[in-house]
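Engineer: Take a look and give me a structure for this.
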Amino acid sequence: MANQKPVGRPPSSQTTVTTPSSLTSFFNRPLPLYLSAAILRLVFLVYGLWQDANSPVKYTDIDYLVFTDAARFVSHGQSPYERETYRYTPILAWLLLPTAHTTGNQLLDTALFSSGKVLFAAADLVAGWLLERVLAKTMDAATARKYAAIWLLNPMVATISTRGSSEGLLGVLVMALFVHFKIYPFIYAPAIVWWMDRERMGDSRSGKGRSPTETSVIGRILRFITPARLQLAITSLATFLALNIAMFALSTSPPPRPPPPLHPDRVPRLPPQLALSCALIPLAMAKRDLPASMLAQTFAFVAFNKVCTSQYFLWYLILLPLYLPSSSFLRNPTLGFAALGMWVAAQGLWLQQGYQLEFLGVSAFLPGLWVASLGFFLVNCWILGVIIGDVNGNVGRGSK
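Structural biologist: Residues are numbered from 1 along each chain as shown. Below you'll find the predicted structure:
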């Protein structure tokens, strides 16, 4: 695997980003970027404490209260699943054990309770650093930091992590652990496996001049089963199973409560969504551009999901810096600003209608919420089409 080709795009296909001299010096060294990202999260964290204490609309995510309640049960030697609605890995409750401790000092107790938010915000920074490392394989370090800043200095990312959402933590996990924490990343497996052909992984047996046996159906199947693919499949499956068995053995007294039965109209209809995310997009895009394929898969999975929250946007925002360097959104700034403006406006209208419904108790289903949801869905579909067309319309981008 030492000879495998980098995932990033070749330099020739990247769009040059021009920045003022003052910003250029900002990105020349890592400290200003990461210090600014940390300060941004600290500001949101402190503001959140003020809003929680002074506003009827709380800053802290309700999921964080579920996490910390589960951690409190664990601190008393009980199962995290004693907490109703806790449907997550016990590892998450264990990571948040400091939030369960109390000292009697209000300031220190507030700091301990917020330690989980600090953990999630720190994971954001690590994820940004990993993005920079990946990008630096195909561009200079300063340019890599500019793209990583899309994640690190993004106020939406900072807000969601400091509200107590664990989504940012997912960005630092490898495949099997990733799926153990949150099931949706399994959609990346087909794309990664399809991308890992012999040529890309540096297999010396790859090349032209195949025998008739190799071109038969059985030969193609055997050729597809490469050592690298087998290693990924075996290690990922073994890790995933070991984690689940261990967590079940350690933390299922009582076992996780099954969710209440759904009304037939609310049963998820996954086949079209999974067909698009797990099969069609990977087959069409993965070998040409793996990061763009994973971005498109996640974008489609979220857009076509029947349930959506702002946290889900982080699932694809973390992949955006890997796709943007040679995207048409940068080659054509008009298109880029139009897409950004439409996405923000459509999301804002959708969130406003959701606020009317959930926080004010206004019956905003029709026509407001329905129209807002439809508009946001159509904007997402248009952006998804641009991403797919951006890759498949440029065969010369090369294999990454």
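
Engineer: Could you use CA atoms for every contact and neighbour count after this?
Structural biologist: Will do.

Engineer: end to end, how far does stretch 183-192 reach?
Structural biologist: 16 Å (CA to CA, to the nearest Å).

Engineer: Residue 369 is in contact with residue 358, isn't it?
Structural biologist: No. At 11.4 Å, residue 369 does not count as touching residue 358 under the criterion of CA atoms under 8 Å.

Engineer: more neighbours, these two?
Structural biologist: Neighbour count, other CA atoms under 10 Å: between residue 369 and residue 358, residue 369 has more, with 20 against 11.

Engineer: contacting residues for that one?
Structural biologist: 350, 353-354 (CA atoms under 8 Å, 6 or more residues apart in numbering).

Engineer: what do you get for residue 161?
Structural biologist: Shown in contact with residue 161 (CA under 8 Å, 6+ apart): 117, 120-121, 124, 167-168.

Engineer: can you check residue 171 too?
Structural biologist: Contact analysis of residue 171 by CA under 8 Å, 6+ apart lists 123-124, 127, 318.

Engineer: For those, which two are the farthest from each other?
Structural biologist: 123 and 318 (12.0 Å; CA to CA).

Engineer: quick one: the nearest residue to residue 364 once chain neighbours are set aside from residue 296, how far?
Structural biologist: Spatial nearest neighbour of residue 364, excluding adjacent residues (CA to CA, 6 or more residues apart in numbering): residue 357 at 5.7 Å. Residue 357 sits at a distance of 30 Å from residue 296 (criterion: CA to CA).

Engineer: re earlier: now secondary structure and distance to residue 139 too, for the contacts of residue 161, in TSV please.
Structural biologist: Converted to TSV, the contacts of residue 161 look like this (DSSP: H, G, I helix; E, B strand; the rest coil; distance: CA to CA, whole Å):
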residue	secondary structure	distance to residue 139
117	helix	33
120	helix	28
121	helix	27
124	helix	22
167	helix	28
168	helix	25
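
Engineer: which stretches of this protein have low pLDDT?
Structural biologist: Per-residue confidence for the chain (pLDDT under 70) gives these ranges: 1-23, 201-215, 252-270, 394-400.

Engineer: residue closest to the middle of it?
Structural biologist: Compute the mean C-alpha point of the chain, and by CA atoms, centre = their mean the closest residue is residue 315, 2.4 Å away.

Engineer: Phi, psi for it please.
Structural biologist: Dihedral angles of residue 315 (phi, psi; degrees, to the nearest 10) stand at phi -60, psi -40.

Engineer: isn't it right next to residue 298, touching?
Structural biologist: Yes. Counting by CA under 8 Å, residue 315 does reach residue 298; the two are 6.7 Å apart.

Engineer: picking up where we left off before, of the contacts of residue 171 - the most surrounded one?
Structural biologist: residue 124 (29 neighbours).

Engineer: do you know how far the residue nearest to the centre of the chain is from residue 71?
Structural biologist: Counting by CA to CA - residue 315 and residue 71 are separated by 25 Å.

Engineer: Domain boundaries for this structure, per the record?
Structural biologist: Residue ranges for the domains of the chain, per automatic domain parsing: 20-172, 173-258, 268-400.

Engineer: The longest one: how far from the chain's middle?
Structural biologist: Read it as domain 20-172. On the basis of CA atoms, centre = their mean, to the nearest Å, domain 20-172 sits 14 Å off its chain's mean C-alpha point.

Engineer: Then stretch 358-368?
Structural biologist: The chain centroid and the centroid of stretch 358-368 are separated by 29 Å under CA atoms, centre = their mean.
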